[in-house]
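Asker: pasting the structure only:
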């Protein structure tokens with residue numbers, strides 16, 4: 001087992017334990033916004049993040065454009081799973097509604113990317129161009145924990161969208177596929193708007 005595999009295995013085991021703790025406490029916290037240790041509020045969402053991170057690390061295309069499409073499919077899937085995990089935990093009604101609309105929006109974007117991928121994605125540029133951005137996003141999402149499920153979801157999704165925007169800018173810079181570049185510009189703009197809204201909700 002490589003050092004990276006050992007770290008991922010250990011992190012996955014820790015998150016699973018956190019998720020079990022959150023599950024055990026569900027009967028006491030369902031439908032409420034109770035504060036508590038960060039691990040208690042983040043457990044199921046952190047599990048979803050770890051699954052997303054491993055899935056993104058495991059996909060790579062023949063070029064930067066195809067790699068971006070493949071990674072963004074997993075990126076969107078992760079947002080959907082994290083949002084569903086938060087909704088299941090319960091929390092502030094306005095934040096839960098935002099999580100629902102986020103999951104719906106990410107699902108639509110993921111389906112569009114899957115259609116593009118099925119048709120084949122040509123391009124140029126390094127397929128490994130996103131490694132640093134993925135590491136930064138992972139670090140920020142691991143640190144983005146709040147005192148309640150609502151705060152945790154907001155902080156994690158802000159970090160998630162920042163990572164997505166950075167990856168979009170990278171594929172635009174790589175060039176080689178005008179259709180992918182158009183999608184990436186639209187994604188970066190959308191992620192920026194979402195970050196602003198999430199930060200407003202967090203401040204409130």
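Answerer: Received the coordinates, thanks. The structure presented is a predicted model; accordingly, all values stated were derived computationally and were not measured.
Asker: In three-state terms, label residue 128 for me.
Answerer: Assigned with DSSP: H, G, I helix; E, B strand; the rest coil, residue 128 falls in the coil class.
Asker: neighbours around it, how many?
Answerer: Here the count is done by other Cβ atoms under 10 Å, and residue 128 has 10 residues near it. Backbone N, C-alpha and C define where each C-beta goes, glycine included.
Asker: Quick one: residues contacting it.
Answerer: For residue 128, the contacting residues are 60, 67, by Cβ atoms under 8 Å, 6 or more residues apart in numbering.
Asker: Distance-wise, check it relative to residue 66.
Answerer: 12 Å (Cβ to Cβ, to the nearest Å).
Asker: Same check on residue 155?
Answerer: Relative to residue 66, residue 155 is positioned 31 Å away (criterion: Cβ to Cβ).
Asker: Of the two, which one has the most company?
Answerer: The residue with the greater number of neighbours, taking residue 155 and residue 66 and applying other Cβ under 10 Å, is residue 66; the counts read 24 against 21.
Asker: which residue packs closest to the more buried one, ignoring adjacent ones?
Answerer: Nearest non-adjacent residue to residue 66, counting by Cβ to Cβ, 6 or more residues apart in numbering: residue 121, 4.0 Å away.
Asker: what about that neighbour, distance to residue 129?
Answerer: Between residue 121 and residue 129 the distance, using Cβ to Cβ, works out to 14 Å.
Asker: do the same with residue 93
Answerer: Separation of residue 93 from residue 129 (Cβ to Cβ) stands at 40 Å.
Asker: which of these two has more neighbours?
Answerer: In this view residue 93 and residue 129 are compared by other Cβ under 10 Å, and residue 129 has more residues nearby, 17 against 10.
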